[in-house]
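>>> starting from these lines, generate the structure:
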Amino acid sequence: MNQWKSFGIDPDNMRVAHDAANINKFHNTVSKKEARTQLGLNDKLSLVVYTGSLKPGKGVDVLIQCANTLPDVYFILVGGQKQQIEKLTQQVKFRNVRFFGSVPPTRVPVFQAAADILALPNTRGSVIDDVTSPMKLFEYIASERPIVATDIPSILEILKHRHNALINTAGDVRKLS
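Numbers count the residues shown, from 1 in each chain. Sure, this is the predicted structure:
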């Protein structure tokens with residue numbers, strides 16, 4: 001809303017309508033163990049999952065830096081194009097990051113069900129910082145997995161630290177880790 005107020009629009013004339021997700025696609029689709037079996041993953045892994053775009057601002061580069069400080073934690077990144085994945089792969093230090101690339105939307109709930117933690121590591125510096133409403137945020141909530149996110153204003157409209165997520169300073173690898 002702040003962005004629109006700066007253009008002289010009266011906040012009393014504004015309404016914020018958040019995105020949403022079809023809860024039936026994400027809520028209790030399969031158990032964590034069954035999801036990991038379907039994906040060929042070890043049931044004993046500590047698993048952080050990110051699903052979504054690999055574009056700058058989404059924080060995937062920060063998430064990889066976190067993986068580089070947590071070699072005993074496994075990270076799965078779902079989404080992105082071949083060139084994006086190749087570029088990000090060069091930043092990985094250990095064998096604890098796996099890229100799945102783009103998958104059909106019907107498969108996304110299985111990845112989220114497999115997670116111990118769902119990551120929403122958005123960074124600052126984008127023109128959409130104040131207005132982005134990541135669809136994955138609502139999918140994550142519907143998945144009923146712990147969420148670790150960053151303090152982007154639009155995310156803070158939905159998530160509250162230690163209530164429904166752990167919130168960290170955007171771009172702070174140490175705190176996010």
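>>> hey, where'd the helices end up in the protein?
Taking DSSP state H, the helices of the chain run over residues 2-5, 23-26, 32-39, 60-69, 82-89, 108-114, 135-143, 153-156, 173-176.
>>> which other residues reach the fifth one?
Contacts of helix 82-89 from elsewhere in the structure, counted by C-beta atoms under 8 Å, 6 or more residues apart in numbering, are 54-55, 60-61, 64, 77, 80, 97, 99, 101. Any C-beta I mention is one placed from the backbone N, CA and C, and that applies to glycine too.
>>> repeat that with 7 Å
54, 60-61, 64, 99, 101 (C-beta atoms under 7 Å, 6 or more residues apart in numbering).
>>> one step back: for Val16, find the nearest of the helices of the chain.
When the helices of the chain are compared by C-beta to C-beta, helix 153-156 sits nearest Val16, at 9.0 Å.
>>> pull out the buried residues from that closest one.
Within helix 153-156, the residues that qualify as buried are 154-155, counting by 16 or more other C-beta atoms under 10 Å.
>>> can you show me the CA trace of it as CSV?
Taking Å, rounded to 0.1, in the frame of the first residue of the first chain, the C-alpha atoms of helix 153-156 are listed here in CSV:
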residue,chain,number,x,y,z
PRO,A,153,6.6,-6.4,3.3
SER,A,154,4.0,-8.3,1.3
ILE,A,155,5.1,-11.6,3.0
LEU,A,156,4.9,-10.0,6.4
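>>> show me what it packs onto, helices and strands only.
Of the remaining helices and strands, none touches helix 153-156 by 3 or more C-beta pairs under 7 Å, 6 or more residues apart in numbering; DSSP states H and E.
>>> got any ranges where the chain has weak pLDDT?
1-3, 17-20, 28, 127-133 (pLDDT under 70).
>>> which one in it is furthest away from the centre?
Taking C-alpha atoms, centre = their mean as the measure, the residue most remote from the mean C-alpha position of the chain is Gly8, 32.9 Å away.
>>> relative to Ser154, how far out is it?
Going from Gly8 to Ser154 by C-beta to C-beta, to the nearest Å gives 21 Å.
>>> cool, Ala165 as well?
From Ala165 to Ser154 the distance is 14 Å (C-beta to C-beta).
>>> same question for Lys44.
Here the distance between Lys44 and Ser154 works out to 36 Å (C-beta to C-beta).
>>> ditto for Ala114
Counting by C-beta to C-beta - Ala114 and Ser154 are separated by 27 Å.
>>> same check on Pro56?
17 Å.
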